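Colleague: only the shape, not the letters, is given here:
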């Protein structure tokens, strides 16, 4: 495997001589956060176009923080932690949509958080002719 590569539009980490920076980028991609602060994630956000390369829970693409930080309980219960914005959008994140898959049944207060999250996403549109980019 190449030292630095991309497969199907996603970052691949390979070889033992990969730089520390590349490992950090891969951890951001995978939603692995050590501690509360992340230099890269705290300063850079995603401008979503087609949603194919933006992670729904882990990237900062709507609001000031990633959805995993804004709704940590929902992230913990989510069965699709690595879903992209496009995947969640396609599955439908509106009321009754298939995007919301949970490890267990939600309590009423957790359902209220889902409603809050859905309101945050209300009116969001994907643009199939524009790629996601760092912003």
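Modeller: Here it is on my side, so go on. The shown structure was predicted, so the numbers you read here are calculated from the model rather than taken from an experiment.

Colleague: tell me if I'm right that residue 88 and residue 55 touch.
Modeller: No: using CB atoms under 8 Å, residue 88 is not in contact with residue 55; the gap is 9.7 Å. C-beta here means a position set from N, CA and C on the backbone, and glycine is covered the same way.

Colleague: ok, residues contacting stretch 103-114?
Modeller: If you take CB atoms under 8 Å, 6 or more residues apart in numbering as the criterion, stretch 103-114 is touched by 71, 73-74, 77-79, 100.

Colleague: just the buried members of those residues?
Modeller: Buried members of the contacts of stretch 103-114, counted by 16 or more other CB atoms under 10 Å: 71, 74, 77-78, 100.

Colleague: which pair of those spans the longest distance?
Modeller: The span of the buried ones among the contacts of stretch 103-114, defined through CB to CB, is set by 71 and 100 at 11.4 Å.

Colleague: coming back round to it: show me the buried ones among the contacts of stretch 103-114 that map onto strands.
Modeller: Per DSSP state E, strands hold no members of the buried ones among the contacts of stretch 103-114.

Colleague: could you find the lowest-pLDDT member of these?
Modeller: Within the set of those, pLDDT is lowest for residue 100 (93).

Colleague: mind listing what that residue touches?
Modeller: Contacts of residue 100 (CB under 8 Å, 6+ apart): 93, 114.

Colleague: look up phi and psi at it.
Modeller: Main-chain dihedrals, residue 100, degrees, to the nearest 10: phi -90, psi 100.

Colleague: against residue 45, how distant is it?
Modeller: Applying CB to CB, to the nearest Å, the value for residue 100 to residue 45 is 23 Å.

Colleague: try residue 102
Modeller: Taken as CB to CB, the span from residue 102 to residue 45 is 27 Å.
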